[in-house]
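Participant: Task: produce atomic coordinates for the following.
(chains A and B)
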There are 2 protein chains.
Amino acid sequence: MAAAAPAEAYAGLKTELEEIASLSGIEGLLHWDQASMMPPGAQELRGKQMAALAGVVHARKTSVKLGELIAACGGAEADAAALGEGACEFDAANVRRAHEDYRRASRVPAEMAKREAELSAAGYAAWMKAREENDWPTFSPILKEWIALVRERCALVWPELPAYDAALSDYERGLTKERLDEIFPPIRDAVSALVSEVYAAAEEKGGPVALGARASVLAGEFDADKQAALSKEVALAMGFDEKFGRLDVSAHPFTGGAGPQDTRMTTRYKSEDLSEGLTGTIHETGHALYEQGRNAKYTGQPVSAAHSMGIHESQSLLWERMVALSPQFSEFLLPKLAASFGSHFDGVTPEQLHASFNLVKRPSLIRVEADELTYPLHVILRYELECGLMDGSIEVDDLPKLWNEKMEAMLGCVPESDSKGVLQDVHWSAGAIGYFPTYLLGAAYACQIFDYARSQLPGLEEELVKGEFSRLREWLRTNVHELGSKFDTADELLIAVTGEPLKPDAFIGYLTTKYRALYGLS
Amino acid sequence: MAAAAPAEAYAGLKTELEEIASLSGIEGLLHWDQASMMPPGAQELRGKQMAALAGVVHARKTSVKLGELIAACGGAEADAAALGEGACEFDAANVRRAHEDYRRASRVPAEMAKREAELSAAGYAAWMKAREENDWPTFSPILKEWIALVRERCALVWPELPAYDAALSDYERGLTKERLDEIFPPIRDAVSALVSEVYAAAEEKGGPVALGARASVLAGEFDADKQAALSKEVALAMGFDEKFGRLDVSAHPFTGGAGPQDTRMTTRYKSEDLSEGLTGTIHETGHALYEQGRNAKYTGQPVSAAHSMGIHESQSLLWERMVALSPQFSEFLLPKLAASFGSHFDGVTPEQLHASFNLVKRPSLIRVEADELTYPLHVILRYELECGLMDGSIEVDDLPKLWNEKMEAMLGCVPESDSKGVLQDVHWSAGAIGYFPTYLLGAAYACQIFDYARSQLPGLEEELVKGEFSRLREWLRTNVHELGSKFDTADELLIAVTGEPLKPDAFIGYLTTKYRALYGLS
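Facilitator: As a prediction, this is how the structure comes out:
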């Protein structure tokens, strides 16, 4: 009898969770529609629709009924054996995920949620104004309020954790500052030194070896429709399934929708730059494949959802960087570019195309425009600053000065204004503290996962040259996508996938080998 | 003090109604998305999403809180003076509409709603099978169940009304069989006689005077993209506002979305037939203008919504028939057709184009393919049969025989099979009894409203020749669209708009004059 109660409760819990997922999926569709289809005049109405639906979803996510079902299933201590016949580790993890989500939603009082919503709105307005007018004091009071509010929320939801660990866990389950301090400093030191070497070599030689002083072959004038057609061809070759998704255009590319059966990605194309649209589509396709690859046995259940922001990013970056920015992909792509854009690619070599995809920018001031090599330093800079803000060792008022000092030290450049420095990102204006690390974690996960995949898939490089992506995709599906949120930490997932927890080695090794070769460093 | 309570309740009621409207609007968007954008594999998930949201909306529409607010505002006896400062007849009507909607939703027990949903699903499957296999007994048991169930629901929701009047009121507020029996029989007799005369004239002369034996100039091979571009040009000229709406393609054209700020219409184009796509777009634009023209002072309130199915149809048919099928519109359109489709229109006269738009079909067996002249008889036939089914004077088993007899009597033809006769429409399979009359009412309303509009807008015909639609649109906006659901019956609305309740005269006069001229009857 002791086991029967959780089994019955678990059946009820799954039904409730699937219904909540259905309603949340509608939120995803509304968001997609707003970005890609909605007529401009519907903005105000859409705000009301989203608010009404968010209220409904929040009520369901914090209902007494849901809490009781989760508790009856064992909550954080759920045991697979008790959850009914055929239940396995996925089911126990499913209850744990439900428990965490419930805790996160139900421990924040309505009054605090309201303050957060108001501070987000005020924060966005203040950030826009501060950035436009290059005036840090317009924004700094907001950030001070956010630090206090995030600390307060963390103490309510995860009182057993240090505040910054609790903040991290909203984006990367189970991640700690201790772990980041094992990963990020070696990356910072290695990459910062490598950037200096690359800059010196570029100065000496004019650019990467294959190009010299020649401009990127990806700059020019390229018909957007042809770009879109080629990008879609690549997305479909990667395995994006249009039966269960769409690819459209929006101002800010993203992948969303309503999960594996209805994955909607958007991208954009610039006529003067062939790189952004194509790599952007490949990036989003990586996200989309993760969504479409969810474990079908747990449709609508939290255990089937993405493990974390960082793991989601690892799937987009694996395809964008390990695949699209590889020399093999340039070999595959060049004839297609020549077919689409004619004489522009006359006489261009695969090496030149590859070098053009991988140009290191100098100076690298803006994170979202940064290349693959300098990007990690932008993340680490923000990480170091927000850690200090959260533990009180850094004052908000000192941030602009510290920002510029760190830029100088890591990247050898200083922004001409706070607008292009400490005010460049929107994240902190919305209280998203602990978010930035996931970008770099994603890149590091991607390297380690791809390294292991390559070891398991002999001949993979030759397949990439031919544009054959199916073995890699299926490997990722089985070894990453279908595992969903089974594990309590990304390290556990990495151990399951690659045999080891995350280490900085693969990422540092990848960047070092690649950029030494590209820039002819000895 | 007596007046203060309703005023306070009314403020709360409006907030609650607007939130329900926001959630219902999401249902409209999901429906649009399903028809026009959704990837095919998302069908099952979409069903779950719609069901989850429908559950949420139903709970809100039947909540005790809502019922109490409506009652505190006076319910069916709401008085404007009591609803607070500035409240007017619209506000009193708003409460009445809320009261009716609440009654309709809350008086149907969950068990009955479940039976209806199940019978709809079973009914659709049985109807498809019966039609495919030309086997009436496959479908007839479903119809028997529906008759019983509709009677039962009507008795619960509107116990004070005869069953068929109650059924009608679901589609056309305040409509009675008594009123229909004043309108439909004169139309039946006049149109049936006119059809006979037209058939005789067509036999004698080969077709309408302007064409003789020549085929329709609207048949041929027409590029669908060019059709779409031209149709959109006309929709925009009519005043469809893309800032607050979209026009897309779907298999079954409709107008939906989420009200005046987000009106989504869809249409389709056939390469072999220029008429359907163009008149279909104009038809949907008529619906869309009604939606976009709702009273902005009552956004999200039921009083701003369409009066009824019939009045909605009047707005689509006014533009489709009174405008697009007029000789003036053919004059306007011909040069545009020639510009889009070149030599096909060489030597074609406006009269020939007009005659092609208005060909009377013989035989006219299928309602949805029927022309404007024979269409009313299809509706009246169904009306007479469903009245008999509801009052018990007709047995379901006798329906095929009676169908064919009425076809013979009214339209001079008998379908070769029940599939093309009594089984042709989906409506009854979903229990939609009382729906068919609204199609014909819409046409009759449209004639009477347009007649009056013309009397108020001297020079309107000349404007139509020039493709100037703005005066007519603005007149409709002020005199029809913005009145929304202010009135308890369509007759009251017609009196407000045209000075008279609905009469059959305008419609009969319109058809008689038009088709006597087209077919050269003395």
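
Participant: and the angle for the top helix by length along chain A with helix B:4-36?
Facilitator: Ranked by residue count, the top helix of chain A under DSSP state H comes out as helix A:4-36. Angle of helix A:4-36 versus helix B:4-36, following axes from the mean of the first three to the mean of the last three CA atoms, to 10 degrees, is 80 degrees.

Participant: what angle do the next helix or strand after helix A:4-36 and helix B:43-61 make?
Facilitator: Per DSSP states H and E, helix A:4-36 leads on to helix A:43-61 as the next helix or strand towards the C-terminus. If you take the same axes, to 10 degrees, helix A:43-61 sits at 90 degrees to helix B:43-61.

Participant: give me the element the most centrally placed residue in chain A is part of.
Facilitator: Nearest residue to the geometric centre of chain A (CA atoms, centre = their mean): residue A:313, 3.3 Å. In this assignment (DSSP H and E), residue A:313 forms part of helix A:309-317.

Participant: who in the stretch 301-450 of chain A is up against chain B?
Facilitator: Nowhere does the stretch 301-450 of chain A come near chain B, counting by CB under 8 Å from any CB of the partner chain. Glycine gets a C-beta too; all of them are placed from N, C-alpha and C.

Participant: What of chain A?
Facilitator: For chain A, the contact set with chain B under CB under 8 Å from any CB comprises A:18-19, A:22-23, A:25-26, A:29-30, A:33, A:37-42, A:44-46, A:48-49, A:51-53, A:55-56, A:241-246, A:258-259, A:261-262, A:300.

Participant: In contact with residue A:155, which residues?
Facilitator: A:163, A:166 (CB atoms under 8 Å, 6 or more residues apart in numbering or on different chains).

Participant: Repeat that for residue A:348.
Facilitator: A:217, A:334, A:338.

Participant: What subset of those is buried?
Facilitator: Among these, those classed as buried by 16 or more other CB atoms under 10 Å in any protein chain shown are A:217, A:334.

Participant: List just the nearest of the contacts of residue A:348 to chain B.
Facilitator: Among these, residue A:338 lies closest to chain B (CB to the nearest CB), at 29.3 Å.

Participant: Does the closest one touch residue A:345 like I think?
Facilitator: Yes. With contact defined as CB atoms under 8 Å, residue A:338 reaches residue A:345; the gap is 4.3 Å.

Participant: which residues in the stretch 401-522 of chain A form helices?
Facilitator: All helices of the stretch 401-522 of chain A, identified by DSSP state H, counting those that start in this stretch, fall at A:437-456, A:460-465, A:470-479, A:490-498, A:505-518.

Participant: Find me whatever residue is spatially closest to residue A:144, sequence neighbours aside.
Facilitator: In space, and not counting its chain neighbours, residue A:144 is closest to residue A:396: 5.0 Å by CB to CB, 6 or more residues apart in numbering or on different chains.

Participant: Contacts only, for the residue nearest to residue A:445 when sequence neighbours are not counted.
Facilitator: With sequence-adjacent residues excluded and distances taken as CB to CB, 6+ apart, residue A:445 is closest to residue A:314, at 3.6 Å. Residue A:314 is in contact with A:441-443, A:445-446, A:449, counting by CB under 8 Å, 6+ apart.

Participant: per-residue pLDDT, residue A:314?
Facilitator: pLDDT, residue A:314: 98.

Participant: how far away is it from residue B:394?
Facilitator: According to CB to CB, to the nearest Å, residue A:314 and residue B:394 sit 68 Å apart.

Participant: The residue nearest to the centre of chain A touches residue A:449, doesn't it?
Facilitator: No. Between residue A:313 and residue A:449 there is no contact under CB under 8 Å: 11.8 Å.

Participant: Perfect, I'm done here.
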